[in-house]
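**Q** Sequence plus the predicted model coming up.
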Amino acid sequence: MKDILRLKETVRKLLAGQRLAVLATHGQTGPYANLVAFAATDDLKHVLFATGRSTRKFANMEADARVALLVDNRANEESDFQEASAATIMGRAEPVPEAAKGALAQLYLRKHPSMREFIASPACAFLRVNVETYYLVTRFQDVVELRISE
């Protein structure tokens, strides 16, 4: 149990320390990746982000809700091979339900206050990823899996 708690805390710290993630979706032409500003819930069950409704990534998620996000703390230095951490987050994206939108928007805006106008726009889709699994990679090759149960 201690190992799980320590792993969750490591993932929480990594996510809290980064503002951007790489979002991977899948469309008719294959995989597609973009940077997104994100925030995670403290229980690690959800990752939040916003995107325009007219984007390719949004169309891809409407067709196939399965997504992956990559969050890492690399410095683009040689030391990254030993010191950098990365989390691949696997789950399904969906619009944030109206009942949860206020609290989740506040969580997101605490991390990204400059996004206030954007997420209030009708052209914006405010989404959450229902996380199934985190894969945490440290020291370039040490991989630990953390399954999130509802």
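**A** Right, received. Where do you want to start? Numbering: from 1, shown residues only.

**Q** Next secondary structure after the longest strand that the chain contains?
**A** The longest strand of the chain (DSSP state E) is strand 124-138. Using DSSP states H and E, the helix or strand that directly follows strand 124-138 along the chain is strand 142-147.

**Q** who does that next one touch, helix- and strand-wise?
**A** helix 2-16, strand 124-138 (3 or more CB pairs under 8 Å, 6 or more residues apart in numbering; DSSP states H and E). To be clear about C-beta, it is placed using only N, CA and C from the backbone, and glycine gets the same treatment.

**Q** Give me the contact list for the helix or strand of the chain with the lowest mean pLDDT.
**A** Lowest on mean pLDDT, DSSP states H and E among the helices and strands of the chain sits helix 80-83, with a mean of 86. With CB atoms under 8 Å, 6 or more residues apart in numbering as the test, helix 80-83 has contacts from 74, 139, 140.

**Q** please redo it, this time with the cut-off set to 10 Å
**A** 72, 73, 74, 75, 77, 86, 138, 139, 140, 141 (CB atoms under 10 Å, 6 or more residues apart in numbering).

**Q** Am I right that the first one is in contact with residue 89?
**A** Going back to what we said before, that points to residue 72. No - the criterion here is CB atoms under 10 Å, and residue 72 misses it with residue 89 at 11.4 Å.

**Q** Neighbour count for these two, which is higher?
**A** Per other CB atoms under 10 Å, whichever of residue 72 and residue 89 has more neighbours is residue 89, with 26 against 17.
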